[in-house]
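[1] Let me see the structure of the following:
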Amino acid sequence: MAFSLSDGQDDVTRFWREEKEKGAIYNVYLKKVTYHTLSDLDQSKGHLMWETQKIRVVKAGTLEKLVESLVTVKGELDSTYVNVFLATYRTFATPLQVLEILIKRYKWLEKDSTDHEERKENNENQQKTFKSVISVWMDTYPDDFRDYPDYKCLKVLEAFSHQFIPDSDLELRARHKIEKFEREAVSNSDGDIKFQFSIVDEVDSMIDSEYQKPLEFLDIPNNRLAEQLTFKDAELFKRVIPNHCLGAVWARRDRKLGKGGNIAPSVLATIDQFNRVSLRVIATILRTRELKSSLRAKILQKWIDIAQELRQQKNFSSLKAIISGLQSHSVYRLKRTWASLPKESIDLFQELADIFSNDNNQILSRELLMKEATAKFPDLDSNNKILQRRNLQKRRSWIENGIVQGTVPYLGTFLTDLTMIDTAIPDRTECGLINFEKRRKEFEVLAQIKLLQSAAQIYHFQEDKHIWAWFDSVRVFDENECHDLSCIIEPIKEGPARLKKKSASYSSLLKVVNFGDNCCFDSLGTRPARPEGSKLSLLSCGLDNSSVYNSSITDSPSQGMSHSSSTSSLLSCDSDTTISSPFRSPDTCVVRVRFESGPESDTHVYKSIMLKNIDHTHTVIDKVLEKYSKKGPAGNYCLLQVLSDGGKEEGELLIPDKGNVFYAMNKSDGSEPVFVVRTRQDQEARTQHRKRGRRKLKNWSL
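    Residues are numbered from 1 along each chain as shown. Got it, this is the predicted structure:
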């Protein structure tokens with residue numbers, strides 16, 4: 001009897017069991033499918049029937065099995081599986097390996113059809129589907145075949161198509177791809193050479209062109225600058241290649257090509273723009289030393305207003321960059337400047353900063369992003385009555401004018417999630433099979449990125465070269481210069497009462513092996529240790545809760561404002577975890593670590609490792625050395641846990657050489673575990689330095 005599936009009923013799928021076969025493990029689900037009989041449909045009785053179907057989903061397997069699973073036994077295309085595989089396979093295979101297995105499978109089906117005539121029809125269906133998979137692959141991920149200068153994948157595909165599928169268009173498409181890539185390679189190389197034939201011609205051009213007076217920051221309209229930042233962020237985000245964000249690619253970018261290499265260029269370009277914005281926020285506030293606090297407050301207020309414009313445009317990338325710049329220690333410590341701001345600006349700044357709070361794994365920013373990802377315009381809210389009225393007027397204006405805003409996310413959130421997945425879930429099972437369940441979890445994040453990339457297409461802003469000329473002309477400063485300028489603008493004052501208070505607080509921490517150097521001396525006027533680089537990679541992986549300047553809390557301008565020192569996370573990092581992180585269990589947890597190569601490398605460059613309840617000190621040190629691509633016996637290094645209080649580093653706890661790190665680490669403050677590995681020689685030097693500092697502090701307090 002023939003059946004017709006019922007459109008009005010939801011199918012129910014439930015996990016049944018796990019099945020194993022040579023080279024693969026499957027999760028088996030039972031799917032309840034409802035249907036009508038044709039006789040019932042004719043008589044309009046609407047009688048429902050149901051049956052249970054068995055569905056197998058690949059959980060883990062060898063590379064050969066994973067590639068073969070792109071086509072079902074019946075010769076059907078599982079679009080979901082194909083999408084996940086093509087988006088994530090680069091973490092465990094190369095394009096050439098996958099292509100060769102596809103060709104090998106195709107040839108085997110060809111031979112099997114000759115040997116077994118009864119299977120010929122089914123084999124031909126599988127062969128057609130394999131050709132469809134290759135076509136989808138070439139259309140969706142053309143860069144996988146751009147292996148300049150040999151283009152080996154395309155040449156292998158061309159030769160295979162010519163021999164086994166002469167009537168297919170694959171051969172012609174492969175040849176056209178090679179020709180196209182070769183033309184683009186020549187064009188790109190020629191584009192790097194610029195000829196200037198005559199200085200006179202250049203001068204004449206400058207004279208003929210209309211003179212434009214250089215822009216001043218305070219003269220640029222807030223919405224105009226915000227639109228340009230959104231224009232740039234949207235263009236960069238649309239060019240992000242999602243698989244470049246994978247933890248196995250992004251977090252290990254320094255192993256193949258070195259920091260700043262082109263292992264993930266689309267991601268690095270977005271990070272670079274984020275840093276450029278944040279550094280210019282800091283520079284515009286600090287660069288003029290002679291400004292009165294009231295005038296400097298106008299610059300600070302203007303950046304807050306620009307941040308609000310970005311919030312209205314749903315540009316969370318530059319919004320985060322501006323907030324990070326304003327929360328940097330050198331800006332945040334300017335008490336007189338912040339005190340000159342009107343209450344509405346303070347409230348607005350706090351509301352914008354709260355969007356990126358680290359509470360509950362940044363749940364507020366995540367919920368807001370998912371809520372507004374495809375919405376026409378943002379849902380603005382405020383506790384301040386004046387801001388409420390402004391937001392209401394703005395909303396009415398959007399509705400009346402039919403304005404639709406796109407969305408640009410803060411990419412660091414996704415980089416964090418993908419890095420955490422890469423760290424917490426093993427690449428292979430205990431029996432050595434590729435863990436494909438991990439790839440499905442990664443694909444869920446990549447799918448969100450692709451969805452938001454479509455939302456970023458909505459913007460229709462045009463580039464304003466005049467504003468970007470101003471933007472590029474702003475002179476930025478490194479960490480030391482920012483600190484010096486900030487101290488010149490508002491010198492650090494240290495009274496006897498404060499010194500006495502410090503002495504008491506330090507003496508209560510004598511049980512701790514080592515104090516943070518900055519914590520001891522920054523408040524006394526000594527600038528922080530020079531970082532390994534002056535570039536703030538604030539976006540790297542969403543690392544938002546570490547601080548280079550540990551005196552930031554005592555220097556905060558207002559008790560009513562929380563300080564998240566996100567701009568103090570220097571260089572690149574690999575992860576960010578929170579108290580509510582899902583990557584924890586009674587026996588394991590993901591912890592942040594950093595490696596210090598010398599006394600001048602206190603830069604909070606974090607990576608992530610999985611800590612198990614069987615890991616001893618030497619095991620953890622080996623993991624950290626491997627993560628940072630360092631060599632040497634674990635015995636030459638020591639492991640310390642960074643102790644914190646409310647996000648402020650207060651000291652370090654030395655882990656015994658033969659201790660079990662999982663049980664030895666301090667968990668009393670409820671914060672995420674952070675560890676540092678340094679040489680024993682450096683640790684001994686720091687200990688002596690601390691003792692000398694404590695003696696000086698004791699003499700001062702007397």
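[2] could you give the mean pLDDT of stretch 168-183?
    Average pLDDT, stretch 168-183: 89.
[3] Show me what counts as buried in it.
    170-171, 173-175, 177-178, 181 (16 or more other Cβ atoms under 10 Å). (Each C-beta comes from the backbone N, C-alpha and C, glycine too.)
[4] Relative to residue 34, which of these is nearest.
    Distance to residue 34 across the buried residues of stretch 168-183 (Cβ to Cβ) is lowest for residue 170, with 40.5 Å.
[5] can you pull the contacts of that closest one?
    The neighbours of residue 170, taking Cβ atoms under 8 Å, 6 or more residues apart in numbering as the test, are 131, 134-135, 157, 161.
[6] One more pass at 7 Å, please.
    By Cβ atoms under 7 Å, 6 or more residues apart in numbering, residue 170 lies in contact with 131, 134, 157, 161.
[7] now do residue 29
    13-16, 55, 57.
[8] could you pull out the helices for the stretch 101-250 of the chain?
    For the stretch 101-250 of the chain, the helices defined by DSSP state H, counting those that start in this stretch occupy 120-140, 152-164, 170-191, 199-208, 222-239, 247-250.
[9] how far is stretch 78-88 from where the chain is centred?
    The chain centroid and the centroid of stretch 78-88 are separated by 22 Å under Cα atoms, centre = their mean, to the nearest Å.
[10] Which residues does that stretch contact?
    Counting by Cβ under 7 Å, 6+ apart, 66, 69-70, 72, 133, 136-137, 140-141, 242-243, 246, 439-440, 442-443, 446 sit against stretch 78-88.
[11] at 8 Å instead, please
    Residues contacting stretch 78-88 (Cβ under 8 Å, 6+ apart): 57-58, 66-67, 69-72, 133, 136-137, 140-141, 242-243, 246, 436, 439-440, 442-443, 446.
[12] now swap in stretch 305-317 and tell me
    By Cβ under 8 Å, 6+ apart, stretch 305-317 touches 222-223, 225-227, 229-230, 233-234, 237, 270, 273-274, 318-319, 322-323, 326, 345, 348-349, 352, 355, 365, 369, 372, 377-378, 380, 394, 405-411, 459, 539.
[13] Now the buried members of those residues.
    Buried members of those, scored by 16+ other Cβ under 10 Å, are 222, 225-227, 229-230, 233-234, 237, 270, 273-274, 318-319, 322-323, 326, 345, 348-349, 352, 355, 365, 369, 372, 377-378, 380, 394, 405-411, 459, 539.
[14] What does residue 660 show for phi and psi?
    phi -90, psi 110 (degrees, to the nearest 10).
[15] swap that for residue 612, sorry
    phi -110, psi 160.
[16] if I look at the residue nearest in space to the middle of the chain, how far off is residue 473?
    Against the mean C-alpha coordinate of the chain, by Cα atoms, centre = their mean, the closest residue is residue 415 at 2.2 Å. Distance, residue 415 to residue 473, using Cβ to Cβ, to the nearest Å: 30 Å.
[17] what do you get for residue 150?
    Relative to residue 473, residue 150 is positioned 43 Å away (criterion: Cβ to Cβ).
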